[in-house]
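Novice: Kindly generate the corresponding structure for this input.
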Amino acid sequence: MPRQPTGPLAPSSFLDTRFAPFLQSRCAQPTDDAEAIVFSSLAIHLLAETATPAGRLPGPSSRITLSPATMPASLFRHLAESLLSIVLEAGRVQMAHFKSGVAVETKADRSLVTVADRQSEEIILEGLARAAPGVPVVAEEEVTAGRIPQIEGAFFLVDPLDGTNGFVKGRAEFTINIGLIEERRPTFGLVYAPALADLYVTTGPGEAANARLEPGADVHRLADCSLAPIRTRVPDPNALGALTSQTNLNTATRRFLDGYSVQEQRAVASSLKFGLLARGEADLYPRVGPTSEWDTAAGHAVLAAAGGVVTTLDGAPLLYGNVARRFVNPDFVAWGRKPLAKVREI
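Specialist: Residues are numbered from 1 along each chain as shown. I've put the predicted structure just below:
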């Protein structure tokens, strides 16, 4: 299961009260420096930096349910800031392996994995346990190892290194994906491409931003990142721009695109496709082929906040938490705005 921190808790400025289920009955007594606050009608004890070594976090089986109300912008930003140093650290690890080369293993599903994937996931899991204690995390390599937490209510989906195939071939379009799922829909997302110094993040309800951020940057606040708001573009149905997978441009995908007036088509790896849609550089991204929920959740959240939607091929919302399918997505289409009608039937 994801490791839980054993030392002092994260600074109180990064312990978002929405994600800190430290009820008296579930943890050690707070120190004199702890403060009791009220959130969503629950008294939550926020432990300060001076928490005693005896203080412990809830175990991996702990369950919490976040309020169904939309998170206010301040909580989006607190969560983003608490994850900023985590993804930068994971990005530095990945860049060290990217430049020097790394041994590759093949998993049972024939996908690739490297030590960079595993080290990055460990960093992210430990960081999330500090930033959002008690919230379950479904992470790619943990699931591969058979370690799947019980999910009731909110949970995170993590892909520590999306685009491993390209990573081992020296291609820069790999990303770190962290998405928060509430009521089966992604509400928060962070996508970071360290080799491209490209960061996408939800900053509030219906708000997404993009920044250039080098893995070696010494930043700890969003204010230091020169974030620029992003928004999807209004599509021209007669001259659409489409993004496709670099590794899965199959006959079914081509047939889908043939139903639309696509003027420009671009193959892009990893969840960067969602970021480019959110930034207004294309209009749709169809995926007719296998993907996992951790591949899409973070980018989906960013795209939705920037004005887009993601649907299945029959137009239903793409939902998350499909344990019975082992978190495998159905075929889907990511749209820059609302779904478009076909101009021809193929």
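Novice: Stretch 295-312: which residues count as buried?
Specialist: When neighbours are counted by 16 or more other Cβ atoms under 10 Å, the buried residues of stretch 295-312 are found to be 295-311. Just so you know, the C-beta spots here come from the backbone N, C-alpha and C atoms, and that holds for glycine as well.
Novice: swap in stretch 327-346?
Specialist: Neighbour-count burial for stretch 327-346, with 16+ other Cβ under 10 Å as criterion, is recorded at 327, 329-337, 340.
Novice: Now, the buried residues of stretch 295-312 that are in strands?
Specialist: Filtering the buried residues of stretch 295-312 for membership in strands, criterion DSSP state E, returns 309-311.
Novice: pLDDT weak spots in this structure?
Specialist: Filtered on pLDDT under 70, the chain yields the residue ranges 1-71, 110, 346.
Novice: one more time with 80
Specialist: Within the chain, the segments meeting pLDDT under 80 span 1-73, 102-104, 107-110, 112, 346.
Novice: I'd like the next helix or strand past whichever helix in it runs longest.
Specialist: Looking across the chain with DSSP state H, the single longest helix is helix 73-100. If you walk from helix 73-100 toward the C-terminus, the next helix or strand you reach (DSSP states H and E) is strand 104-106.
Novice: packing partners for the following helix or strand past that next one?
Specialist: Next along the chain after strand 104-106, taking DSSP H and E as the criterion, comes strand 112-114. Contact here means 3 or more Cβ pairs under 8 Å, 6 or more residues apart in numbering; DSSP states H and E; on that basis strand 112-114 packs against strand 104-106, helix 164-168.
Novice: Contacts for the shortest one next, please.
Specialist: Contacts of strand 104-106 from elsewhere in the structure, counted by Cβ atoms under 8 Å, 6 or more residues apart in numbering, are 112-114, 168.
Novice: what do you get for the last one?
Specialist: Under the criterion Cβ under 8 Å, 6+ apart, residues 94, 98, 102, 104, 111-114, 116-117, 161, 172-174, 246-247, 269-270 lie in contact with helix 164-168.
Novice: Neighbouring strands - and their directions - for the helix or strand that that helix is followed by?
Specialist: Using DSSP H and E, the helix or strand that directly follows helix 164-168 along the chain is strand 175-182. Note on strand 175-182: by DSSP bridges, its sheet partners are strand 155-162 (antiparallel), strand 185-193 (antiparallel).
Novice: mind putting those in CSV, mean neighbour count included?
Specialist: Output for these, formatted as CSV (neighbours: other Cβ atoms under 10 Å):
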stretch, mean neighbour count
strand 155-162, 28
strand 185-193, 25
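Novice: Nothing else from me, thank you.
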